[in-house]
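Novice: Could you work out the structure for the sequence below:
(one chain, ligands or ions: 2)
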Amino acid sequence: MTIHTDTRPPLNLIRLPHGEGLELPAYQTRGAAGMDLRAAVDDGATLTILPGKRELVPTGFIFEIPEGYEGQVRPRSGLAYKHGITCLNSPGTVDSDYRGEVKVLLINLGEEPFEITRGMRIAQMVIAPSIQARIFETTDVSETLRGAGGFGSTGV
Ligand SMILES: O=c1ccn([C@H]2C[C@H](O)[C@@H](COP(=O)(O)OP(=O)(O)OP(=O)(O)O)O2)c(=O)[nH]1
Ligand SMILES: [Mg+2]
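Specialist: Numbering: from 1, shown residues only. Ligands and ions are numbered 1, 2, ... in the order given. Sure, this is the predicted structure:
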């Protein structure tokens, strides 16, 4: 007998009043890494991002990211390719102890104004394991082959 158990971590979403009626963030395909996030702008309203400008777009939800995980807010490649729309702080970091609304910081790197309406899929969130290190100050630095070489030290 095969016992199928779903080992995916649970993710609680709390819908805010302005998220009423929005589709839940969802994985669009079985193997999708990220769930798409929708714009919770007012019904019938248009949020326009002018070329070179940025806007903080509400999602309408609080995400209770499980402890030991983070939420990474990433651009959608279609919007980036077709319209030059990306996340300015990519990847945005949603901490597991954050209890505010998740918002998406979009910037328009294209040449045309970009219009966002309610329910539009504007970005995606990847849930990823995340650990905190124990931090020590020390005076010794261990030796390695690389040493202080970086920024192209191994060639292009
Ligand atoms: O794209 C993002 C990035 C962050 N956040 C929220 C969740 C995150 O837990 C919080 C703080 O983010 P971050 O640590 O990146 O920003 P900060 O400038 O360091 O703010 P803070 O001082 O609040 O940590 O803001 C979002 O909703 N969307
Ligand atoms: Mg911070």
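
Novice: give me the number of residues near G119?
Specialist: A total of 15 residues lie near G119 under the criterion other Cβ atoms under 10 Å. Where C-beta positions appear, they are placed from N, C-alpha and C, glycine not excepted.

Novice: So for it, what's the pLDDT?
Specialist: At G119, the pLDDT value in this model is 98.

Novice: For it, which residues are in contact?
Specialist: L22, E23, R38, A39 (Cβ atoms under 8 Å, 6 or more residues apart in numbering).

Novice: The strand ranked longest in the chain: which residues count as buried?
Specialist: The longest strand of the chain (DSSP state E) is strand 54-64. Buried residues in strand 54-64, counted by 16 or more other Cβ atoms under 10 Å: E55, V57, P58, T59, G60, F61, I62, F63.

Novice: and the protein, which of its residues are near ligand 1?
Specialist: Neighbours of ligand 1 within the chain, by Cβ under 6 Å from any ligand atom: V73, N89, G92, T93, V94, D95, Y98, V102, K103, V104, L105.

Novice: Give me the buried subset of the residues you listed.
Specialist: With burial judged by 16+ other Cβ under 10 Å, the buried subset of these is V73, G92, V94, V102, K103, V104, L105.

Novice: Just give the closest residue to the third one, not the sequence neighbours.
Specialist: With Cβ to Cβ, 6 or more residues apart in numbering as the measure, G71 is the residue that lies nearest to V94, at 3.4 Å, once sequence neighbours are left out.
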